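> Provide a 3D model corresponding to the input given below.
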Amino acid sequence: MAEQFKISDEMKAQIGWESSPWRFEVTTTSVRAFARGVGYTDPVYFDIDAAKKAGYRSMPAPPTYLGTPVFMPGKTDDTFSHPLDARPDIKHGLMGLLDGGTETEYFDTICAGDTLTVVTQLKNLEVKDSKSLGKMLIITTETSFKNQEKKLVALQRGQGIYY
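Numbering: from 1, shown residues only. Reported below is the predicted structural model:
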């Protein structure tokens, strides 16, 4: 448990850092698999004709599904398929990690056939106290999702809590 922790000038200098862009694909198969996996039964997630009849250009991505990151051997992470530089290099020395939550804001519909370009930016660092964990470093990131027309379709904000 960290009783003393300060954000260094070197850490502060990382605010504004951006990852390399990487690609997410939204396919009919991935839309169906995600929808099925979370229990959706609306035909728009399974049938292109039903989706078009409902006014979509193709099957819409279900809520919280933003596509599948494209894996590139030697260029992306073996587990999560993000670029190898997708995380800022913040040397904080804290060993524990908690997910502080994620929220997604949508600006347009994402559909099967879309290719999204994704970039993550470090937005903020702050220290908070916890009675049980001691000093915690809260890292806030924002990830933008732009479609093949370079239109922003979603922003995802997340926090990691190191202790």
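
> packing partners of the strand ranked longest in the chain?
Looking across the chain with DSSP state E, the single longest strand is strand 115-130. Where contact means 3 or more Cβ pairs under 8 Å, 6 or more residues apart in numbering; DSSP states H and E, strand 115-130 is packed against strand 22-25, strand 134-146. In short, each C-beta sits where N, CA and C put it, glycine included.

> go ahead and name everything in contact with the following helix or strand past the first one.
Read in the C-terminal direction, the helix or strand following strand 22-25 is helix 28-38, with elements assigned using DSSP states H and E. Residues from elsewhere that reach helix 28-38, judged by Cβ atoms under 8 Å, 6 or more residues apart in numbering: 42, 45-46, 48, 58-62, 64-65, 67-68, 112-113.

> which SSE is immediately downstream of helix 28-38?
helix 48-53.

> I would like the residues contacting that next one, please.
Helix 48-53 has contacts (Cβ under 8 Å, 6+ apart) with Thr28, Pro43, Val44, Tyr45, Ser58, Met59, Pro60, Cys111, Ala112.

> can you say which of those residues are buried?
Thr28, Val44, Tyr45, Ser58, Met59, Pro60, Cys111, Ala112 (16 or more other Cβ atoms under 10 Å).

> pull the contacting residues for the third one.
Tyr45 makes contact with Val31, Arg32, Ala35, Ala51, Met59, Pro60, Pro62 under the criterion Cβ under 8 Å, 6+ apart.

> could you tell me how many residues sit around the second one?
Residues near Arg32, counting by other Cβ atoms under 10 Å, number 17.

> could you measure from it over to Gly67?
Arg32 sits 14 Å away from Gly67, going by Cβ to Cβ, to the nearest Å.

> bridge partners for the nearest residue to His92 once chain neighbours are set aside, pull those for me.
In this structure, His92 finds its nearest non-sequential neighbour in Leu137, 5.4 Å apart by Cβ to Cβ, 6 or more residues apart in numbering. Here Leu137 sits in beta bridges with Val127, Tyr162, going by DSSP bridges.

> how near is Lys52 to Cys111?
Applying Cβ to Cβ, the value for Lys52 to Cys111 is 10 Å.

> let me fix that: Ser20
Note on Ser20: its distance to Cys111, by Cβ to Cβ, is 25 Å.

> can you count the residues close to the closest residue to Pro62 other than its chain neighbours?
Among residues not flanking Pro62 along the chain, Ala35 sits closest, at 4.8 Å (Cβ to Cβ, 6+ apart). For Ala35, the neighbour count with other Cβ under 10 Å is 22.

> check what pLDDT Ala35 gets.
As predicted, Ala35 sits at a pLDDT of 98.
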